[in-house]
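Colleague: Take this sequence and fold it.
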Amino acid sequence: MTTTPTGVPAAMSESGTPAAVPARGPSRLLHPDPMVRRLARLTLLNCLGNGLSLAVAVLFFTRVLGLSAAQLGFGLTAAGLCGVAASIPAGRAADRWGIRRVLVVLVALEAVGTAGYALVHGYAAFVLLACAVTAADRGSSAVRNALYAEVLPADRRVAGRAYLRVVTNVGMCLGTALGAVVLQVDTRAAYVTAILLDALSFAVAAVLYGRIRIARPAGAPAGPEAGAGPQAGPGTGAPTGGRGPNPALRNGPFLAVTTLNAVLCLQFAMLEVGVPLWIVKETQAPRIVVAGTLVVNTVLVVALQVRATRGTDRPELAARACGRGGLLLAGSSVVLGLAHGLPAMAAAVVVLAGIALQALGEVLSQAGGWALGYDLAGEGAHGAYQGVFNAGTSAAMMIGPALVSTAVIGYGLAGWAVLGAVFAAAGLAMAPAVRWAARRSQGAAAVMAA
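Modeller: Numbering: from 1, shown residues only. Model prediction:
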């Protein structure tokens, strides 16, 4: 790929034609690639709505819709199962009918479904709607990851995703701050307005995704517009078949990497559920430390995520990043467990130190996982591979809260140590899985050569 004098790959314009990238942009915060900047604006808009909705969702469901805590828990669990199940068929649909087309449909369904919460009056209707919205959300996440594989150069995908993840964190924080205002107003009209604004963000995102054009690779035969014709091949974003057995489900090394990455993703349940419960129930740390842990994590992820992608350009290096991330997560777990029994201020310092280690492990394990999710996938079936990879992540997010709250918190330091050992084992097992993938690839190449 052509590079600028600074070593940054020459960007593509939003229409898919080469565009010059200045060595120094107007702001260090702006990405040099126009496509990444376009995706960042879209991501920021959508995450503002998501953050706003997330901040008020529990009170909206319980106080406005009148659901009990048990009803809400059951409904969200059922929705989580639907989300796991939706990722794989959504990815295959993208391969068959076009990434952009399927993504627009799924995001539009999220808009309609989210707005529908304002009209729900019965519990059965809530459960069905929650299942539909979550299925569309998880499916669109898989297809969106496949879109990144098509619109970003192969050697810039992971760095691009890291930049978008930083934007996601910023957007969610800003949206949550808006949600705090809604919580302070505390009226039905305010809650409903917040939900409808989230729905509007999905609707606008659907329109913007529909305007993205996926460039035809250099040397590829001319054909229908990307995403619209049956003859387009790998790399065009157009339908590539999507029929027959799912190649990702027949790729043993990829399934192993997907499973190991899902285990590492249990860290999010540890951060969002396990740590708050641990602080409140098992330590003397002030409760405000719960908010402090989220601040520390967010600041470090925003500051370090893009940098953490450096050195993940080959599968073996990405596996090494996952290994280091797993060890840092293991250290974080043990440090968090040591907070039990300490005086209030000492416990607070230990907890925040553990969260700092968790954030370092997070940026490394995520960078390595993204790289492997793309590097080990077939270029002509990104939808299928990202669908399977996303299903693993979704499964971890579904079972993680129950697993951490029951199998870790109740057993003190021993429970945290076991969780740490699981993180370390998953991270270190990435290297053998990648070597397995390399042997499989070499064997397939030898068969084709024969």
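
Colleague: mind checking how far residue 318 is from residue 372?
Modeller: According to C-beta to C-beta, to the nearest Å, residue 318 and residue 372 sit 5 Å apart. Every C-beta, even on glycine, is put in place using the N, C-alpha and C of the backbone.

Colleague: what is in contact with the two at once?
Modeller: Residues touching both residue 318 and residue 372 (C-beta atoms under 8 Å, 6 or more residues apart in numbering) are 430, 434.

Colleague: give the contact list for the residue most central in space within the chain.
Modeller: By C-alpha atoms, centre = their mean, the chain has its centre lying nearest to residue 141, at 7.2 Å. Counting by C-beta under 8 Å, 6+ apart, residue 141 touches 87, 390, 394.

Colleague: for the one helix or strand residue 131 maps to, which positions count as buried?
Modeller: For residue 131, the host element (DSSP states H and E) is helix 123-151. Neighbour-count burial for helix 123-151 flags 123, 126-151 (criterion: 16 or more other C-beta atoms under 10 Å).

Colleague: Give the other helices and strands that the very next helix or strand once past it contacts.
Modeller: Per DSSP H and E, helix 123-151 leads on to helix 157-185 as the next helix or strand towards the C-terminus. In terms of contacts (3 or more C-beta pairs under 8 Å, 6 or more residues apart in numbering; DSSP states H and E), helix 157-185 is packed against helix 34-59, helix 123-151, helix 188-210, helix 289-308, helix 344-375.

Colleague: Now helix 157-185: buried residues?
Modeller: Residues of helix 157-185 classed as buried by neighbour count (16+ other C-beta under 10 Å): 157-173, 175-176, 178-179, 182.

Colleague: what's the closest non-adjacent residue to residue 413?
Modeller: Among residues not flanking residue 413 along the chain, residue 337 sits closest, at 3.9 Å (C-beta to C-beta, 6 or more residues apart in numbering).

Colleague: Ok, residue 334 next?
Modeller: That would be residue 420: by C-beta to C-beta, 6+ apart, it lies 5.2 Å from residue 334.

Colleague: got any ranges where the protein has weak pLDDT?
Modeller: 1-29, 215-243, 443-450 (pLDDT under 70).

Colleague: how far does stretch 255-263 sit from the chain's center?
Modeller: With C-alpha atoms, centre = their mean, to the nearest Å as the basis, stretch 255-263 stands 14 Å off its chain's centre.

Colleague: quick one on the thing from earlier: now the angle between helix 188-210 and the helix holding residue 131, please.
Modeller: Here the directions of helix 123-151 and helix 188-210 differ by 30 degrees (axes from the mean of the first three to the mean of the last three C-alpha atoms, to 10 degrees).
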